[in-house]
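J.: Sequence first, predicted coordinates after that:
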Amino acid sequence: MSNDVAVAGVGMHPWGKWGRNFVEYGVHASRAALADSGIDWRDVDLIVGGETVRNGYAGYVAGATFAQALGWNGAKVATSYAACATGAQALDTARARILAGMSEVALVVGSDTTPKGFLAPNAGERWDDPDWLRFRLLGMTNPAYFALYARRRMDLYGATAEDFAQVKVKNARHGLENPNARYRKEVSVEDVLTSAVVSDPLHLLDICATSDGAAAVVLCSTEYAARHGIGGGVKINAISTVTPTFPQTVIDMPLLSTESTNAVPAPERTFKESIGQAAYEEAGIDPADVSLAEVYDLSTALELDWIEDLQLCKRGEAEVLLRAGDTTIGGRIPVNPSGGLACFGEAVPAQALAQVCEVTWQLRGQAAGRQVEGARVGITANQGLFGHGSSVILSV
Amino acid sequence: MTTTPVIDGWFTTGPEPALLGSRCTTCETVYFPPTQGFCRNPACSGDEFAETALSRRGTIWSYTDAQYQPPPPYVPPTDPFEPFALAAVELPEGLVVLGQVAKGYGVADLRVGGEVELVVETLHDDLSIWRWKPVTEMGEEADQ
């Protein structure tokens, strides 16, 4: 039995620092997605909200908040939290209900308002919370974790600071024409290398900002889409939300250590590798068939890790692809044609949905100014705190 | 100045300090930070742990530094803030443990695969923390 569901419509609120309430962004994105689908809000029978912890509280940043703002229509409601994978988990909830025949049309929405500067834990003393302890004991920020991964690429695979900068240059160029991107300006290698070092070897321009933004996706069954002639044939073939396998051997935010391999050997795949692998297996799609990838470039170097984690090249060879222009639009496997987090900045509960919006536009041939010609299959990937991660495969 | 560990039961002090892990008495898996109550090995239902001192030496898995002052609850020991290095260190027990790098050492003193040793230093005020100190090999001393 096919596990496909149809993407009926997608929409976003532009990323930026708008200083307004997240509900407003969410409504904007939802209305855009509904308009794109041609489906009336009153015909939506399920709303799933992406939640975040940092701004507001869980009961407020929830599906029902968006349902009320759009006008109570009696739809069922669900809310999900999965750090950076929040949007994909919300999407998976909607997909499961549709495949089970419990829902016909679902609206999935994520929205965020983010503070300036380093993402930091909430106030208070929490000596049993690793996310608090890493700051208290070590001063270990998010960019410091990104920098550990970046340094390994340099010492193991010969990556250079120029390679990392080149990822930013590429993504900045990709995002130039993207109306939803926050940063739409060319960046040079020199700009990156002369920006301040935050955590060696990463410069300020290697690290993504945090942004306000919202994204929404209207999902329906493939039968519904065919019956009403909507969606342009774009289907979700797989949503992977797997957790790690014990022992988790790659140091991961916000933890202070990995799990030991002294009693149980390391699993065959790392967590990030397993996220993509599960998506490929569910979709029955080979990495060689992927036309484009939207990956979580929290740092420039992390984009290179993802290219390998998603099996788009062998381990240690992502710089070869980058230098050859293979990951640029027009190349063999364009990565982050939207401009990625480099052009957007991170709006946590919206980001995984924004990746799905971009892939949808690419598969429909509607990504004006950044179109990957002939795109048939797109994959997304992200990873967040506490063993959350996701990958979505779409095709047309 | 006498210092007190910033957190209880995570490391010993004295001339040969060590991190204190927990060993599951059922499956032998070693954990750091110390744990109790339940073993996280999915094939093990163990709920008893023995305290175990971890190896004092390991190799650098990766490293970086903090050139900007981290946000609270980090407490800066100096004003103005002085950047410090961080290392993720692979121990013979098969796990990687993060730590700040010993005072006086920066990223230029570190490399992936390099050897480090555990030391205990002042974190701020009268509180102490474990840190990783590069082991200088014979013959390198003269280069510094």
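T.: Perfect, thanks for sending it.
J.: Could you look up the SS state of the most centrally placed residue in chain A?
T.: The centre of chain A sits closest to A:Ala352, judged by C-alpha atoms, centre = their mean, with a distance of 3.3 Å. Per DSSP: H, G, I helix; E, B strand; the rest coil, the local secondary structure of A:Ala352 is helix.
J.: Pass me the low-pLDDT residue ranges in chain B, would you?
T.: In the predicted model of chain B, residues B:1, B:137-144 satisfy pLDDT under 70.
J.: let's go with 50 and repeat that
T.: B:142-144 (pLDDT under 50).
J.: Spatially central residue in it, please.
T.: Short answer for chain B (C-alpha atoms, centre = their mean): B:Gly99, at 4.1 Å.
J.: Surely that one touches B:Leu86?
T.: Yes: with contact defined as C-beta atoms under 8 Å, B:Gly99 and B:Leu86 form a contacting pair (7.2 Å). Placement of C-beta: from N, CA and C, glycine included.
J.: Can you check which residues contact both of the two?
T.: Residues touching both B:Gly99 and B:Leu86 (C-beta atoms under 8 Å, 6 or more residues apart in numbering or on different chains) are A:Leu138.
J.: In which helix or strand does the spatially closest residue to A:Arg126 that is not a sequence neighbour reside?
T.: Leaving out its chain neighbours, the residue that sits closest to A:Arg126 by C-beta to C-beta, 6 or more residues apart in numbering or on different chains is A:Trp132, at 4.3 Å. Assessed by DSSP states H and E, A:Trp132 sits inside helix A:130-133.
J.: average model confidence for that helix?
T.: Averaged across helix A:130-133, the pLDDT comes to 92.
J.: starting at the chain centroid, how far to that helix?
T.: Offset of helix A:130-133 from its chain centre (C-alpha atoms, centre = their mean, to the nearest Å): 24 Å.
J.: and if you look at stretch A:322-337?
T.: Per C-alpha atoms, centre = their mean, the centroid offset for stretch A:322-337 relative to its chain is 19 Å.
J.: again with stretch B:69-85
T.: Distance, centroid of stretch B:69-85 to centroid of chain: 18 Å (C-alpha atoms, centre = their mean).
J.: any residue of that stretch up close to chain A?
T.: Yes: Stretch B:69-85 reaches chain A (C-beta under 8 Å from any C-beta of the partner chain) through B:Pro70, B:Pro71, B:Pro72, B:Pro73, B:Tyr74, B:Val75, B:Phe84.
J.: any idea which element the first one lies in?
T.: Applying DSSP H and E as the criterion places B:Pro70 outside every helix and strand.
J.: Enumerate every residue touching the residue nearest to it when sequence neighbours are not counted.
T.: Nearest-residue entry for B:Pro70: A:Gly139, 4.0 Å, with adjacent residues in sequence omitted and distances by C-beta to C-beta, 6+ apart. A:Gly139 makes contact with B:Ala66, B:Pro70, B:Tyr74, B:Phe84, B:Leu86, B:Gln100, according to C-beta under 8 Å, 6+ apart.
J.: Mind doing that once more with 7 Å?
T.: B:Ala66, B:Pro70, B:Tyr74, B:Phe84 (C-beta atoms under 7 Å, 6 or more residues apart in numbering or on different chains).
J.: Give me the subset of the residues you listed lying in helices.
T.: Using DSSP state H, no member of those falls in helices.
J.: and of the residues you listed, the nearest to A:Val27?
T.: B:Pro70 (35.6 Å; C-beta to C-beta).
J.: where along chain B do the strands fall?
T.: Using DSSP state E, the strands found in chain B span residues B:4-5, B:20-24, B:30-31, B:49-53, B:57-66, B:84-90, B:96-101, B:115-124, B:127-134.
J.: One more: the stretch 251-396 of chain A?
T.: A:292-295, A:377-384, A:388-395 (DSSP state E, counting those that start in this stretch).
J.: The second one packs against which elements?
T.: Using 3 or more C-beta pairs under 7 Å, 6 or more residues apart in numbering or on different chains; DSSP states H and E, the elements in contact with strand A:377-384 are helix A:271-283, strand A:292-295, helix A:348-364, strand A:388-395.
J.: returning to that earlier point: isn't the residue nearest to the centre of chain A right next to A:Ala90, touching?
T.: No: if you go by C-beta atoms under 7 Å, A:Ala352 and A:Ala90 don't touch, sitting 8.2 Å apart.
J.: Spit out the contact partners of A:Arg95.
T.: Applying C-beta under 7 Å, 6+ apart, the residues near A:Arg95 are A:Val5, A:Leu219, A:Ile236, A:Ile239.
J.: which pair in the residues you listed spans the largest distance?
T.: So, the contacts of A:Arg95 by C-beta to C-beta: farthest apart are A:Leu219 and A:Ile239, at 10.5 Å.
J.: The strand of greatest length in chain A: what's the following helix or strand?
T.: For chain A, the longest strand by residue count, based on DSSP E, is strand A:5-16. Counting by DSSP H and E, the next helix or strand C-terminal to strand A:5-16 is helix A:22-37.
J.: Pull up the residues of the stretch 101-250 of chain A that are close to chain B.
T.: A:118, A:120, A:127, A:132, A:135-141, A:144, A:147-148, A:151-152, A:155-156, A:197-200, A:246 (C-beta under 7 Å from any C-beta of the partner chain).
J.: Inside helices: which ones of the residues you listed?
T.: Using DSSP H, these in helices are A:Trp132, A:Ala144, A:Ala147, A:Leu148, A:Arg151, A:Arg152, A:Asp155, A:Leu156.
J.: what's the spacing between the fifth one and A:Gly345?
T.: If you measure A:Arg151 against A:Gly345 using C-beta to C-beta, to the nearest Å, the figure is 23 Å.
J.: more neighbours, those two?
T.: Counted by other C-beta atoms under 10 Å in any protein chain shown, A:Arg151 and A:Gly345 do not tie: A:Arg151 has more neighbours, with 27 against 20.
J.: Number of residues surrounding the residue lying closest to that one once chain neighbours are set aside?
T.: Leaving aside its sequence neighbours, A:Arg151 sits nearest to B:Ser62 (C-beta to C-beta, 6+ apart; 4.8 Å). Residues near B:Ser62, counting by other C-beta under 10 Å, number 26.
J.: Across the sheet, point out what pairs with B:Ser62.
T.: Counting by DSSP bridges, B:Ser62 is bridged to B:Ala88.
J.: show me the contacts for it.
T.: A:Leu148, A:Arg151, A:Arg152, B:Ala88, B:Val112.
J.: So what's the residue count around the fourth one?
T.: Spelled out, it's B:Ala88. 28.
J.: was I right about it contacting B:Gly58?
T.: No: between B:Ala88 and B:Gly58 there is no contact under C-beta under 7 Å: 9.6 Å.
J.: For chain B, which residues are neighbours of chain A?
T.: B:6-7, B:27-33, B:40-42, B:62-68, B:70-74, B:84, B:86, B:88, B:93-100, B:107, B:111-112, B:129.
J.: buried subset of the residues you listed?
T.: B:6-7, B:28-33, B:41, B:62-68, B:70, B:73-74, B:84, B:86, B:88, B:93-100, B:107, B:112, B:129 (16 or more other C-beta atoms under 10 Å in any protein chain shown).
J.: And the residue nearest to A:Gly316 when sequence neighbours are not counted, how far from chain B?
T.: Sequence neighbours aside, A:Tyr157 is the residue nearest to A:Gly316 in space, at 4.2 Å (criterion: C-beta to C-beta, 6+ apart). Plainly put, A:Tyr157 is 11 Å away from chain B if you go by C-beta to the nearest C-beta, to the nearest Å.
J.: A:Asn180 too?
T.: 29 Å.
J.: got the contact list for that residue?
T.: With C-beta under 7 Å, 6+ apart, A:Asn180 has these contacts: A:Met12, A:Pro14, A:Trp15.
J.: quick one: B:Pro15 from A:Asp212, how far?
T.: B:Pro15 is 53 Å from A:Asp212, by C-beta to C-beta.
J.: who has more neighbours, the two?
T.: More neighbours surround A:Asp212 than the other of B:Pro15 and A:Asp212, with 25 against 5 (other C-beta under 10 Å).
J.: can you tell me which residues contact the more buried one?
T.: A:Trp15, A:Gly16, A:Lys17, A:Trp18, A:Tyr25, A:Asp112, A:Thr113, A:Thr114, A:Ala347.
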